[in-house]
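*Asks:* The sequence and its predicted three-dimensional model are supplied below.
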Amino acid sequence: MTGLPDLIGLLYRADWTRLSLSGELRAEYGPEPPPPPPPPPLPRSPRKYRSRWYRDWPGQRQDNDRYVGHGALLIGSGGRWRLVCPDPGRGAGGEAAEGNDGEHVWSWRPLEMGGPAPLPVRENGTYLPVPELFCPSRLLGGYTLEELGPVTVAGRDAIAVAATPRRDALGFRPGRQAYDRVEVAVDAELGILLRRIETSAGELVTLTELTDVTMDPLEAADPARFAPRPGSHLGDAKGEKPGVSGPVWAAANLAAGGLGALTRYLPNWPGRGAPAEQPEAIPSPDPAPLGLAGGSPPPDEVLELLYRSGEPQVLSATARQWLDFAAVARPMSEEMRAGGGGFASLLDTVTSVMNVTRTEARLRVSGPDRYRLDYSARPRPVDATTISCDGERCWRVFQDWIAVGPATSLREPIVSLAESSWLLRLGLSGGAELTYRGRPARQLRVTSSGGEQVLGLLMSFPADAIVDAETGCLLRLLCYTDDTLAIWSELDDISTEPIDPDEFQVHVPPGTRIVEATGNVITDAVAAIPGVKGTAARAAAEAVNRTVGAVSAARSFWDDLRGHR
């Protein structure tokens, strides 16, 4: 047994781009059961097997109506890789391939397979050969890990680990999945996964494994082995040049145009207040953020602190945030304006009223679906002043009306400060001990490393984080755009004392207008706008909601764009 801290460090530090190996892949899969109902934001079309390496590969159908797929994987230095999968129905020479030659990611399919060859799977801004096996750090955010013991897989020493999706009070958990348990074999030296088994109610959903591994094979040193095949679909290996044309852009542009029109109907857009109402500038950080020089990953005890912060806990704290809209929008302005149309209109609408805004709220959390967030300062007077859930009902209190619906996760960006396990999907360095506002803490430098962003909290890099050594909460998170401090977020007055359950209920005064919450972000946002503006806003919202394909394309576009800047 290695112990949980060592296991977390092993998974976090695994880096396939530094490996040189060859291996045989095997996957067993079938028609996946439907995932749990989605949370209710914007409509989104399903993307089957979105992060599966076999999503576009041919498989051999078995007697039990499941499929088995095979592939030959070669990984070289500098992130080069090649994956070749045979088509069992086409005999010798019938195969598909994809890879990365260090400059271009590429994909090739026989003409008989029909349609253009899709680019390889993209995970957190990086094109991976097999995300299920070579991106093990995504098990650290949203899962509870249990070490099962030593095993041998593909001739290599490994550690068997069970990962169970967990859900805390703030709703941080893995994306929608069709399984309730994952068992993996972690290479004891490299940290990559040699096997991954996903099950649901004890039944096998998907198995992905390396059946043979050779370290430092001679062919991995030959760059020609990773060259794209003639006629391949080529893409930028580093993903730094998002396209601003084509059908995906057109659909995303259409959705953005609708959202731009909708924002013009929403009163009190952030920053529209009179100059005297604007908050002061973003404070000057003390202590200063860590230096720009690259450092080594944090020690294992810091990684374990981040991991355990995702476990449900009782917490009360004051949350504050200063946000400079102009600084946040600056990196994408040139790209979006060059594309014109809806995105240009949306940017013009938003940036025309940008100012530094301040948000402050008291946060209380006590178990899943039991929370309360009381705002004392928000950029827009029309936003909710209280959001509370007692485990059965959820209230969103506005100036002159209240939205009531079933219990749901708390998805306000500022509450991401209350746990830090999501930082494990990003590049981290540092971890020095310090005392911040009287509390023992650790300071980290955060870089993208292809990891995801948190809208409204961490939208550009580098960033600087100060993590509470007791709770794992983020005492301070600074987000920079170039050399400009764009977002300052913090937690203060932290308490872990028990909270009276009655505090999570909201008393509705007699005569208060009640609106039944639908769960759709856009629909609920405009439900109570009165008069002609309300009618126009709801019409615009309905038009945006109807454009399901365009919204999905816009989301896909933004997913692709994240990590480029």
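*Replies:* Received the coordinates, thanks.
*Asks:* which SS state does L424 fall under?
*Replies:* Classification of L424 by DSSP: H, G, I helix; E, B strand; the rest coil places it in helix.
*Asks:* Now do the nearest residue in space to it that is not next to it in sequence against M215, distance only.
*Replies:* Leaving aside its sequence neighbours, L424 sits nearest to L140 (CB to CB, 6 or more residues apart in numbering; 4.1 Å). In short, each C-beta sits where N, CA and C put it, glycine included. Plainly put, L140 is 25 Å away from M215 if you go by CB to CB, to the nearest Å.
*Asks:* can you check P498 too?
*Replies:* 53 Å.
*Asks:* With V121 instead?
*Replies:* Using CB to CB, one obtains 24 Å as the distance from V121 to M215.
*Asks:* Let me know how buried the nearest residue to S137 once chain neighbours are set aside is, in neighbour terms.
*Replies:* In this structure, S137 finds its nearest non-sequential neighbour in Y12, 5.2 Å apart by CB to CB, 6+ apart. Y12 has 23 neighbours, counted by other CB atoms under 10 Å.
*Asks:* mind checking which helix or strand Y12 is in?
*Replies:* helix 4-13 (DSSP states H and E).
*Asks:* Other residues contacting that helix?
*Replies:* 2, 136-137, 139-140, 145, 147, 159, 161, 186, 188, 191, 297, 299-301, 303-304, 307, 424 (CB atoms under 8 Å, 6 or more residues apart in numbering).
*Asks:* which one of L140 and M215 has more residues nearby?
*Replies:* Taking neighbours as other CB under 10 Å, L140 and M215 compare with L140 leading, 23 against 13.
*Asks:* wait, what's in contact with that one?
*Replies:* Applying CB under 8 Å, 6+ apart to L140 gives the contacts 8, 11-12, 303, 306-307, 421, 424-425.
*Asks:* repeat that for 6 Å
*Replies:* L140 makes contact with 11, 307, 424, according to CB atoms under 6 Å, 6 or more residues apart in numbering.
*Asks:* So what's the residue count around the last one?
*Replies:* Meaning L424. Neighbour count for L424, taken as other CB under 10 Å: 23.
*Asks:* Surely it is in contact with G141?
*Replies:* Yes: with contact defined as CB atoms under 6 Å, L424 counts as touching G141 (5.2 Å).
*Asks:* mean confidence for the strand or helix carrying P150?
*Replies:* Under the criterion of DSSP H and E, P150 resides in strand 143-153. Averaged over strand 143-153, pLDDT sits at 94.
*Asks:* Stretch 312-328 now?
*Replies:* The average pLDDT for stretch 312-328 rounds to 89.
*Asks:* i'd like the first residue to be 2 from this point on
*Replies:* Okay, residue one is now 2; in that scheme the one you just asked about reads as stretch 313-329.
*Asks:* Which positions within it qualify as buried?
*Replies:* 313-318, 320-329 (16 or more other CB atoms under 10 Å).
*Asks:* Would you report which members of those are assigned to strands?
*Replies:* Per DSSP state E, strands hold the following members of these: 315-318, 320-325.
*Asks:* Let me have those in TSV, extended by distance to D88.
*Replies:* Shown next, in TSV, are these (distance: CB to CB, whole Å):
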residue	distance to D88
V315	55
L316	54
S317	59
A318	56
A320	54
R321	57
Q322	53
W323	56
L324	51
D325	53
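*Asks:* Give me the distance between L129 and F462.
*Replies:* L129 is 20 Å from F462, by CB to CB.
*Asks:* Please say which of those two ends up with more neighbours.
*Replies:* Counting neighbours by other CB under 10 Å for L129 and for F462 shows that L129 has the greater number, 22 against 19.
*Asks:* For the stretch 202-351 of the chain, which segments count as strands?
*Replies:* Shown for the stretch 202-351 of the chain, the strands assigned by DSSP state E, counting those that start in this stretch span residues 204-216, 234-237, 315-325.
*Asks:* Listing partners with orientation, what would you give for the first one?
*Replies:* Looking at strand 204-216 with DSSP bridges, its paired strands and their directions are strand 22-30 (antiparallel), strand 194-201 (antiparallel).
*Asks:* With mean pLDDT added, can I get those in TSV?
*Replies:* Listed next are the strands paired with strand 204-216 as TSV, based on pLDDT from 0 to 100:
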stretch	mean pLDDT
strand 22-30	92
strand 194-201	95
